[in-house]
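Visitor: Next come a sequence and a model predicted from it.
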Amino acid sequence: MILINEPLNSINEPLNSINQPLNSINEPLNSINQPLNSINEFLILINQPLNSINEPLNSVKEYLNSINESLNSVKECLNSINEYLDSISKPLQVSWLG
């Protein structure tokens, strides 16, 4: 057993020398990460009701967009009627003046 353990110790010692500085870096990072996780959980809690508000508002937006498209069609139609009325009124104006 000692014969197996000695080569393993020779591998383990350099790995420990690498691991110790990494642990010293990891500990402060963990202390930063914990409050960030708390903030993230809080933001998730805030986001859930906002999503429930946003979904109906998106429906209203789609509805208003469809009304706007319809009104644009009406506007185009009225513009066409106006152009037609302009075109038939010009000869009448000329004949009335003449």
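Guide: Great, that's in hand.
Visitor: mind listing the helices for this protein?
Guide: Counting by DSSP state H, residue ranges of the helices within the chain are 2-97.
Visitor: Tell me how far Asn65 lies from Ile53.
Guide: According to Cβ to Cβ, to the nearest Å, Asn65 and Ile53 sit 19 Å apart. All C-beta spots, glycine's among them, are computed from the backbone N, C-alpha and C.
Visitor: Ser87 now?
Guide: With distances taken as Cβ to Cβ, Ser87 is found 51 Å from Ile53.
Visitor: swap in Pro28?
Guide: Distance from Pro28 to Ile53, by Cβ to Cβ: 39 Å.
Visitor: Repeat that for Ile46.
Guide: Distance, Ile46 to Ile53, using Cβ to Cβ: 11 Å.
Visitor: Residue ranges in this protein under the pLDDT threshold?
Guide: 1-2, 92-98 (pLDDT under 70).
Visitor: now do 90
Guide: The chain contains residues with pLDDT under 90 at 1-17, 88-98.
Visitor: How about the contacts made by Ile81?
Guide: Ile81 makes no contacts at all, as judged by Cβ atoms under 8 Å, 6 or more residues apart in numbering.
Visitor: Quickly note the distance from Glu27 to Asn40.
Guide: Applying Cβ to Cβ, the value for Glu27 to Asn40 is 20 Å.
Visitor: Could you do Glu6 as well?
Guide: 47 Å.
Visitor: for Pro91, same thing?
Guide: Distance from Pro91 to Asn40, by Cβ to Cβ: 74 Å.
Visitor: Equivalent analysis for Ile25, please.
Guide: From Ile25 across to Asn40, the span is 22 Å (Cβ to Cβ).
Visitor: Also Asn47?
Guide: 10 Å.
Visitor: again with Asn65
Guide: The value you get for Asn65 to Asn40, if Cβ to Cβ is used, is 34 Å.
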